[in-house]
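# Sequence first, predicted model second:
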Amino acid sequence: MRGGSIAVVGGSIAGCAAALAVSRGGAGEVTVFERADAELRDRGVGIALQSDRYDELRDAGYVAPEMPWAPLTTRVWSVREGEAEHGRAVGEQPFPFRAYNWGSLWGELRRRVPDGVTYRSGATVTSVEPDPEGVTLRLADGHEQHFDLVIGADGYRSVVREAMFPGTEATYAGYVGWRGTSSDVDGLPLEGRSAHNIVFPGGHCMIYRIPDGSGGHRLNWVLYTAPPQTDALQPDLRTPTSLPPGRLNAGLTARLRSLVSDNFPPYWAARVLCTPAEDTFIQPIYDLEVPRYTWGRMVLVGDAASVARPHIGGGSVKALQDATALEAAWVAGDTWKEVLERYDTGRGPVGAAMVALARRMGSAQVENTPDWSAMEQAEFDVWWQDQNSGSDRRSGFGGHSLKAGPPGVRRAT
């Protein structure tokens, strides 16, 4: 396939990767529509790429060694035990990951998007209308434009997905992730090369070091648990509201401090509680599957296509892999139909497998937590393996291997 006018709705990591993919595949004209009216660098939270998945994405040209990262080698799961400063480790496991700052990774991907791509900030797409020859986008400013193909990279509330499969929405998992970053990184155990999971009844908190985008590091943490029943967070129990940095009120801040003080070992409680309120926020956790990744002249990538709970450690990997698969399909296909069928066949089963595994992990790690205080390494190993039972070995924790074919998982209907 050569030529054609392509719109990418969404300009974050998935959108930049998709724009890079179709440009390298031979698209004629590419326009990215990003609703934010400023650069996205201030989203300084942590993400991690499993080392083998990083190698595959590096070879495909989507990540590079010069992107700032922090090495992770081990993950330690610890429970509060008396006044022990660091608590007691209930389990340790190898954790070959590379930790990134979301904003820095986005910036590096943004720089890789070819100059010929038009990147429009502050451009909100309000509706998507397909026809036999392409798709028309309508923007909030009243502008309309027709394209041969539209790629939805606009997250779990995708307007493109709504046009493809009306009423298909992400489902709230019943709990949230409290997130924060701080500059308190001195003296971390194991020289900062380990991720630490602090466990408690009804949830856990993962803590690790990430680059700060300026040559240093920050401490990144995310705490998963059921939310407090408050109108500030849950005006509708079916669709809880995200609260960005700086939006937590006094009641929510007090709830977080109480949860951490009551359940964390002293060392880790102090680390989390020193996070400034303006650097703390809340994200509801969702699941999402779609019947197909393509429909007509529309394509989905990243969270617009499927949302797996973060416990799997593969969300960013999947978004970047979606782009690599789209590029490969573009190069191999001779018609729009061939390109889209190749892409859907390759990525749909992967997304379904990741969502299923992440649900099992969410159940074990948040919704139905074990008696952590009674757990030792042997019990931990059994508990961990139980979460992975039934998952395809090629699409387990850390994401699907590009070197393997799609997993043999029944597609969503």
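Now that the structure is in, tell me what you want to look at.

# Could you use CA atoms for every contact and neighbour count after this?
Fine.

# Please spell out which residues along the biggest helix by length in the chain are buried.
Looking across the chain with DSSP state H, the single longest helix is helix 336-362. Under the neighbour-count criterion of 16 or more other C-alpha atoms under 10 Å, helix 336-362 has 336, 339-344, 346-362 buried.

# can you check stretch 374-385 too?
Met375, Phe380.

# List of residues touching it?
Ala89, Val90, Gly91, Glu92 (C-alpha atoms under 8 Å, 6 or more residues apart in numbering).

# Alpha carbons of that stretch, in PDB - could you do that?
Provided in PDB are the C-alpha atoms of stretch 374-385 (Å, rounded to 0.1, in the frame of the first residue of the first chain):
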ATOM      1  CA  ALA A 374       0.800 -16.300  56.600                       C
ATOM      2  CA  MET A 375       2.700 -16.400  53.300                       C
ATOM      3  CA  GLU A 376       6.300 -17.400  52.700                       C
ATOM      4  CA  GLN A 377       8.200 -17.800  49.500                       C
ATOM      5  CA  ALA A 378       6.800 -21.300  48.700                       C
ATOM      6  CA  GLU A 379       3.200 -20.200  49.200                       C
ATOM      7  CA  PHE A 380       3.900 -17.000  47.200                       C
ATOM      8  CA  ASP A 381       5.200 -19.000  44.200                       C
ATOM      9  CA  VAL A 382       2.100 -21.100  44.200                       C
ATOM     10  CA  TRP A 383      -0.100 -18.000  44.400                       C
ATOM     11  CA  TRP A 384       1.800 -16.400  41.500                       C
ATOM     12  CA  GLN A 385       1.600 -19.400  39.300                       C
END
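
# Who are the contact partners of Glu191?
Applying C-alpha under 8 Å, 6+ apart, no residues qualify as near Glu191.

# that's a helix at it, yeah?
Yes: counting by DSSP: H, G, I helix; E, B strand; the rest coil, Glu191 is part of a helix.

# Verify the stated contact: Ser316 with Ile47.
Yes: applying C-alpha atoms under 8 Å, one finds Ser316 in contact with Ile47, separated by 7.3 Å.

# Looking at these two now, which is surrounded by more residues?
It is Ile47, of Ser316 and Ile47, that has more neighbours when counted by other C-alpha atoms under 10 Å, with 23 against 20.

# Could you pull up phi and psi at the more buried one?
The phi/psi pair for Ile47 (degrees, to the nearest 10) reads phi -140, psi 160.

# For Arg88, see how far away it is.
Applying C-alpha to C-alpha, to the nearest Å, the value for Ile47 to Arg88 is 26 Å.

# What mean pLDDT does the longest helix of the chain get?
For helix 336-362, mean pLDDT rounds to 94.

# What's opposite the nearest residue to Ser373 once chain neighbours are set aside in the beta bridge?
With sequence-adjacent residues excluded and distances taken as C-alpha to C-alpha, 6 or more residues apart in numbering, Ser373 is closest to Val79, at 6.7 Å. Note on Val79: beta-bridge partners by DSSP bridges are Arg88, Val199.

# Could you count how many residues lie near Val79?
Val79: 25 neighbours (other C-alpha under 10 Å).

# residue contacts, it?
Gly87, Arg88, Ala89, Val90, Ile198, Val199, Phe200, Phe264, Pro265, Trp372, Ser373.

# Surely the fifth one and His86 touch.
No: using C-alpha under 8 Å, Ile198 is not in contact with His86, being 9.5 Å away.

# what sits in contact with each of these two?
Common neighbours of Ile198 and His86 (C-alpha under 8 Å, 6+ apart) are Ser78, Arg80, Trp268.

# Which residue ranges of the stretch 1-150 of the chain form helices?
13-25, 51-60, 102-112 (DSSP state H, counting those that start in this stretch).

# Out of these, the one nearest Pro130 is which?
helix 13-25 (19.7 Å; C-alpha to C-alpha).

# Between helix 102-112 and the closest one, find me the angle.
20 degrees (axes from the mean of the first three to the mean of the last three C-alpha atoms, to 10 degrees).

# Only alpha carbons, please: show helix 13-25 as CSV.
Provided in CSV are the C-alpha atoms of helix 13-25 (Å, rounded to 0.1, in the frame of the first residue of the first chain):
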residue,chain,number,x,y,z
ILE,A,13,2.3,7.3,23.0
ALA,A,14,-0.1,5.1,20.9
GLY,A,15,-0.9,7.9,18.5
CYS,A,16,2.7,8.9,17.9
ALA,A,17,3.6,5.2,17.4
ALA,A,18,0.7,4.7,14.9
ALA,A,19,1.7,7.9,13.0
LEU,A,20,5.3,6.6,12.8
ALA,A,21,4.0,3.1,11.6
VAL,A,22,1.8,4.3,8.7
SER,A,23,4.5,6.8,7.6
ARG,A,24,7.1,4.1,7.4
GLY,A,25,4.6,1.8,5.8
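
# which of the residues in that helix are buried?
Buried, per 16+ other C-alpha under 10 Å, within helix 13-25: Ile13, Ala14, Gly15, Cys16, Ala17, Ala18, Ala19, Leu20, Ala21, Val22, Ser23, Gly25.

# Give me the contact list for it.
So helix 13-25 is contacted by 1-2, 8-9, 30-32, 62, 105-106, 109-110, 112-114, 117, 151-154, 301-302, 316, 319-320, 322-324, 326-328, 330-331 (C-alpha under 8 Å, 6+ apart).
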